[in-house]
Structures are given as structure tokens and as C-alpha cells.
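**Q** predicted model and sequence below, questions to follow.
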Amino acid sequence: MGNYISCTFPAPKLRSPKSARVILPGGEIRQFRQPVKAAELMLESPNHFVVNSKSLNIGRRFSPLSADEDLEFGNLYVMLPMRRVNSIVTAADVAVFLMAANSAPKRISAGNAVKISPEVVSQAAEATVEDLDREGSENGRSRFILEDVAPEYEYRLAVCRSKKPVLDTITEEPVFVR
């Protein structure tokens with residue numbers, strides 16, 4: 001019972017409950033002040049799905065929004081590649097999303113698009129926002145790459161190939177009747 005609280009993702013508090021924020025696949029954090037359906041975002045980024053940050057629980061699967069759902073104001077949403085639709089949320093995933101969401105309020109109000117790029121997921125969990133700005137900057141912007149979030153999944157997929165049995169003929173010994 002008590003473990004549930006420690007395993008949930010504390011969604012960042014947005015300053016303005018009059019808008020919904022979405023971390024796009026390219027790394028931009030876009031703010032929507034009008035009602036937007038998840039289908040509109042999925043049309044802009046094919047082969048990606050939308051997840052509400054409040055539904056991210058470590059150790060559980062991603063729960064994507066259906067295409068006809070509206071984005072609720074005051075929430076943070078993340079767009080992920082379709083290949084991760086049935087994967088499990090890790091602490092590294094949550095750390096990267098939380099860092100991106102917490103760095104955004106300072107910059108979105110100025111009208112700049114925010115991009116953050118952690119080099120390694122384990123380093124991203126420990127790094128501060130200032131470290132990301134210094135190390136991963138590109139033209140004064142940081143870059144956030146979702147494909148680098150969980151390299152351990154690629155390793156698991158490579159190791160978990162189905163085992164093929166060796167199909168050799170079985171040699172039988174002749175039966176002697178006494």
C-alpha cells in the first residue's frame with residue numbers, strides 16, 4: 001500500500017492551468033491554450049502516441065490517450081514512439097520528462113521553444129538543468145531526444161529472440177525380440 005506513492009510520477013505543477021503542454025518527439029515543448037484533440041497531435045507526428053504525465057507510474061505500462069480525447073488544461077503530455085506503446089515506464093523515463101517539464105516554465109513564457117538533450121539516461125537523472133543547457137546546447141537551445149531514453153530496451157529485445165530448436169533426426173536402435 002505504501003509503495004504506491006513512491007512509485008508514481010509526481011506531475012510537475014504548471015503555472016497556468018489555462019493551457020496544456022506537450023513534449024513533442026522532436027524535443028520541443030508546445031503550449032496549447034485552445035482545446036486540442038490527441039488525434040491532431042498524432043497527425044502532426046505519425047507513429048507517435050500521446051501520454052498524460054499523471055498516468056506515468058514506474059513499473060507499469062504507458063497508457064496512451066485515445067485519438068478522440070481532448071488534452072486537459074493544466075496537464076503535461078508526452079509524445080512517444082509507437083514502438084514503446086506496450087513498454088514499461090522506468091525511473092529514467094520519468095526523470096527525463098520531469099527535467100524537461102520543470103525547465104520549461106522559465107522559458108516558455110518568453111516565447112522560446114525548449115529543447116533538451118541528455119547524452120545518457122543515467123546521467124540525465126542526476127544532471128541539473130544548468131548542466132543540460134551547457135552540454136547539449138545547439139544554437140542556444142537544448143535538445144531532448146526520446147529515442148535515447150531507454151537503450152536497455154534495445155538490449156532486452158536483442159537478447160529475447162525466440163530460441164529455435166535443432167532439428168536433427170533421431171537414430172533408433174533396432175529392437176531385438178527374445
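**A** Nice, I can see it. Numbering: from 1, shown residues only.
**Q** isn't residue 81 right up against residue 46?
**A** No - under the criterion of C-beta atoms under 8 Å, residue 81 makes no contact with residue 46, lying 10.4 Å away. (C-beta placed from N, C-alpha, C; glycine too.)
**Q** shared neighbours of these two, anything?
**A** With contacts taken as C-beta atoms under 8 Å, 6 or more residues apart in numbering, not a single residue reaches both residue 81 and residue 46.
**Q** okay, now residue 39: neighbour count?
**A** Using other C-beta atoms under 10 Å, residue 39 has 14 other residues around it.
**Q** check contacts around it.
**A** 67, 68.
**Q** ok, it to residue 90 distance?
**A** Distance, residue 39 to residue 90, using C-beta to C-beta, to the nearest Å: 27 Å.
**Q** residues contacting residue 25?
**A** With the criterion set at C-beta under 8 Å, 6+ apart, residue 25 makes contact with 45, 48, 79, 80, 81, 146.
**Q** just those residues: which are in strands?
**A** 48, 79, 80, 81 (DSSP state E).
**Q** now list the buried members of these.
**A** Among the ones in strands among the contacts of residue 25, those scoring as buried are 48, 79, 80 (criterion: 16 or more other C-beta atoms under 10 Å).
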